[in-house]
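In: Using only what follows, build the 3D model:
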Amino acid sequence: MAFDGERLNACRLIDNQAESRFTSAMKEQIGLDRLTGLIAFARAASLGSYTAAARALSVSPSAISKSVQRLEEHFGLTLFTRTTRSLTLTPEGRDLFERAMRILHEVEGIDQAAVASRAEPSGTLRVTAPLPIGLNILAPALPRFRERYPKVNVDLRLGDQYSDIIDQGIDVVIRVGDLVDSRLISRHLGPNRTGAFASPHYLSRKGTPQHPHELSDHECVNFRYQSSGQALRWAYMEGERSIELIPEPTITIDLSDAVAATLAAGGGIGISPNYVAAPYVLRGELVPVLPQFVMERFPITALWPESRRGSPNVKAFLEFLAEVFPSPAPWDQAIADCMPV
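Out: This next block holds a predicted model:
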């Protein structure tokens with residue numbers, strides 16, 4: 001019996017020691033520094049640099065570096081292969097990144113559920129859009145949105161580069177075209193109509209062309225895509241046949257607003273989205289020409305993460321976008337009213 005009692009006491013001692021070690025380990029695992037380290041590591045891995053991660057999290061690059069370093073010391077692993085230009089995940093880092101993202105997405109879901117329980121939109125709404133749409137359509141409309149929802153602060157980021165909006169914490173992204181991503185919900189906002197334009201001064205000097213074949217006798221301003229470096233192809237219908245041409249440009253520019261400004265200054269004939277050209281047309285600085293080039297390109301689309309479905313901020317902004325992009329759009333109507341017969 002004495003042997004059994006000693007064995008029982010020994011087992012209890014072992015159990016107590018094991019419980020103590022487990023409790024200590026759990027405290028370390030859920031420590032605030034460990035969570036901040038995982039967040040810093042995941043953001044740096046997603047964006048490819050400490051600087052980009054620091055910008056996204058509103059901290060210094062050194063803070064990101066130190067957090068990742070402490071995480072590496074804790075796990076006894078090298079998470080990144082570092083060069084002067086980039087970060088590359090090691091195999092161990094890739095495995096930790098996948099696990100960390102699952103945890104952070106769960107945390108994000110909890111946060112969104114808590115946000116959705118609020119009756120009134122508030123806090124920060126992060127939106128990204130191409131620069132021409134942001135400059136010509138969204139930015140002028142944001143004061144109206146703020147008047148309606150004064151507790152919402154809008155963080156608008158402009159650029160054509162598509163990135164993982166979930167990793168960057170974006171609430172709503174506006175893009176031209178339909179982006180396929182099973183994690184995102186999309187809504188069609190409106191058509192992206194384009195046409196050919198020139199200034200009255202240029203046309204009085206060079207004459208008004210009646211057919212695309214006459215462009216060889218004119219100065220042309222063409223658009224170049226920043227993403228691919230390719231020149232815009234000018235498409236039109238000849239009967240039932242679709243024809244594309246790239247005119248010999250006198251000026252090539254990689255920003256739609258700069259194309260329109262150049263045309264308004266008498267630079268020649270060029271293609272522009274209606275929402276960019278419309279203010280110039282209303283002021284009499286541009287007129288539509290060559291109706292053969294009027295076409296509807298990829299639609300303007302709003303996308304948002306599935307996890308933001310119940311967010312009051314996102315719901316409010318999507319309802320507002322329906323007002324900002326009415327049908328027919330005022331910019332399309334302005335061009336149609338001035339279109340040559």
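
In: which SS class is the residue nearest the centre of the chain?
Out: Nearest residue to the geometric centre of the chain (CA atoms, centre = their mean): residue 128, 4.0 Å. Using DSSP: H, G, I helix; E, B strand; the rest coil, the secondary structure recorded for residue 128 is strand.

In: now do residue 38
Out: At residue 38, secondary structure determined by three-state DSSP is helix.

In: pLDDT at it, what is it?
Out: The per-residue pLDDT reported for residue 38 equals 86.

In: Identify the residues contacting it.
Out: Counting by CB atoms under 8 Å, 6 or more residues apart in numbering, residue 38 makes contact with 71, 100, 103-104. To be clear about C-beta, it is placed using only N, CA and C from the backbone, and glycine gets the same treatment.

In: What is the strand or helix carrying residue 281 packed up against?
Out: Per DSSP states H and E, residue 281 falls inside helix 274-282. Using 3 or more CB pairs under 8 Å, 6 or more residues apart in numbering; DSSP states H and E as the contact criterion, the secondary-structure elements in contact with helix 274-282 are helix 131-133, strand 184-198, helix 256-264, strand 287-289, helix 330-338.

In: so what does the third one touch, helix or strand wise?
Out: Spelled out, it's helix 256-264. Using 3+ CB pairs under 8 Å, 6+ apart as the contact test, the elements touching helix 256-264 are helix 131-133, strand 184-198, strand 220-223, strand 251-253, strand 269-273, helix 274-282.

In: CA atoms only for it, dumped as PDB, please.
Out: Extracted as PDB, the C-alpha positions of helix 256-264 are listed here (Å, rounded to 0.1, in the frame of the first residue of the first chain):
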ATOM      1  CA  SER A 256      -6.100  59.100 -68.900                       C
ATOM      2  CA  ASP A 257      -6.400  62.600 -67.200                       C
ATOM      3  CA  ALA A 258      -3.200  63.700 -68.800                       C
ATOM      4  CA  VAL A 259      -4.400  62.600 -72.200                       C
ATOM      5  CA  ALA A 260      -7.600  64.700 -71.800                       C
ATOM      6  CA  ALA A 261      -5.600  67.700 -70.700                       C
ATOM      7  CA  THR A 262      -3.300  67.400 -73.700                       C
ATOM      8  CA  LEU A 263      -6.300  67.100 -76.100                       C
ATOM      9  CA  ALA A 264      -7.900  70.200 -74.500                       C
END
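
In: Can you check what angle separates that helix from strand 269-273?
Out: Relative orientation of helix 256-264 versus strand 269-273 (axes from the mean of the first three to the mean of the last three CA atoms, to 10 degrees): 140 degrees.

In: Please identify the buried residues of helix 256-264?
Out: Neighbour-count burial for helix 256-264, counted by 16 or more other CB atoms under 10 Å, picks out 256-257, 259-264.

In: what's it in contact with?
Out: The contact list for helix 256-264, computed with CB under 8 Å, 6+ apart, reads 131-132, 135-136, 197-199, 202, 221-223, 251, 253, 268-273, 276-277, 280, 285-286.

In: angle of that helix against helix 274-282?
Out: 30 degrees.

In: tell me the average confidence for helix 256-264?
Out: Averaged over helix 256-264, pLDDT sits at 97.

In: if you look at the contacts of residue 38, which of them are in helices?
Out: 71, 100, 103-104 (DSSP state H).

In: Now, of these, which are buried?
Out: The neighbour-count test (16+ other CB under 10 Å) marks 71, 100, 104 as buried among the ones in helices among the contacts of residue 38.

In: Correct me if wrong: the last one contacts residue 41.
Out: No - no contact is recorded between residue 104 and residue 41 when judged using CB atoms under 8 Å, the distance being 10.2 Å.

In: Bridged to the residue nearest to the centre of the chain, which residues?
Out: Under DSSP bridges, the beta-bridge partners of residue 128 are residue 157, residue 173.

In: Enumerate every residue touching it.
Out: 156-159, 165, 170, 172-174 are the contacts of residue 128 under CB under 8 Å, 6+ apart.

In: and of these, the nearest to residue 121?
Out: The shortest distance between residue 121 and any of those, using CB to CB, involves residue 172 and amounts to 12.6 Å.

In: Could I get the pLDDT score of that closest one?
Out: We have a pLDDT of 94 for residue 172.

In: quick one: contacts for it?
Out: For residue 172, the residues meeting the contact criterion (CB under 8 Å, 6+ apart) are 125-128, 302-304, 308, 314, 317-318, 321.

In: For PyMOL, write the select line for the buried members of these.
Out: In PyMOL, selecting the buried portion of these, with burial taken from 16+ other CB under 10 Å, looks like this:
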select buried, resi 125+126+127+128+302+303+304+308+314+317+318+321
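
In: Which members of the contacts of residue 172 are positioned in helices?
Out: Here DSSP H is the test, and the contacts of residue 172 give 314, 317-318, 321 as lying in helices.

In: what's the closest of those residues to residue 208?
Out: Out of those, the member with the shortest distance to residue 208 (by CB to CB) is residue 321, at 37.1 Å.
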